[in-house]
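In: Fold the following for me, if possible:
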Amino acid sequence: MLYKIINAQFISLFIISLLYSSTLLAELVNIDNAELQNLLDQNTLIIDVRRVEEWADTGVIENSQLLTFFDKNRNFNAYKWQADISKLSDTLTPVILICRSGARSKVVANWMINTLGYQNVYNVEQGITSWKRVSGKTVDP
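Out: Okay, here's the model as predicted:
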């Protein structure tokens, strides 16, 4: 009888640890331009979180999904963004985020991991400005 109780407790603990292990394995990885190019060569999904006027100003990396997170007043609609990103990716698919300098995309990346449960999120640490500075190609949005 004691064996069955201990066995049941072990199984319960094991199941709970499996449920929480996925969030423990989630990570935000800051990447530079070389790592960005490597991920782009692997067709990793890239999402540009800047605003429309910013896309027009600098262009965007080819094949970027354009999905504004913050408006010009730094407000955001979490429900709309969650619905929009769920059309592009599931929580297990690696995602690259880019903004102007890497600051907003890092905030969004952490939010995706901690709130939405994404497992592999890459943040372009110095953003599109660094990409363009090293002659990274962009296209019109």
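
In: For the chain, name the helix or strand with the lowest mean pLDDT.
Out: helix 2-25 (a mean of 49; mean pLDDT, DSSP states H and E).

In: Show the low-confidence segments of the protein, by residue range.
Out: Applying pLDDT under 70 to the chain flags residues 1-25.

In: Mind jotting down where the strands sit in it?
Out: Along the chain, counting by DSSP state E, strands occupy 27-31, 45-48, 65-66, 95-98, 120-124.

In: Which elements pack onto the fourth one?
Out: Pointing back at strand 95-98 there. helix 33-41, strand 45-48, helix 103-111, strand 120-124, helix 127-133 (3 or more CB pairs under 8 Å, 6 or more residues apart in numbering; DSSP states H and E). The C-beta positions use only the backbone N, C-alpha and C, and glycine is treated the same way.

In: Can you tell me which of the strands of the chain is packed in deepest?
Out: With neighbours taken as mean count of other CB atoms under 10 Å, these reach their highest mean count in strand 95-98, at a mean of 26.

In: Can I get it in CSV? Just the C-alpha atoms.
Out: Presented in CSV, the C-alpha positions along strand 95-98 are these (Å, rounded to 0.1, in the frame of the first residue of the first chain):
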residue,chain,number,x,y,z
VAL,A,95,11.2,33.4,-34.0
ILE,A,96,13.6,36.4,-34.7
LEU,A,97,12.4,39.8,-33.5
ILE,A,98,13.9,43.1,-34.8
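
In: Tell me the strands beside it, with direction?
Out: Here strand 95-98 is paired, per DSSP bridges, with strand 45-48 (parallel), strand 120-124 (parallel).

In: So which of the ones you listed is nearest K87?
Out: Closest approach to K87 among the strands paired with strand 95-98 is made by strand 45-48 (11.5 Å; CB to CB).

In: Identify the residues contacting that closest one?
Out: For strand 45-48, the external contacting residues (CB atoms under 8 Å, 6 or more residues apart in numbering) are 39-40, 55, 60-61, 63-67, 85, 88-89, 93-99, 128.

In: just the buried members of the residues you listed?
Out: Neighbour counting by 16 or more other CB atoms under 10 Å classes 39-40, 55, 60-61, 64-65, 67, 85, 95-99, 128 among these as buried.

In: For G136, state which of those residues is nearest.
Out: After measuring the buried ones among the contacts of strand 45-48 against G136 - CB to CB - the closest member comes out as I61, at 7.0 Å.
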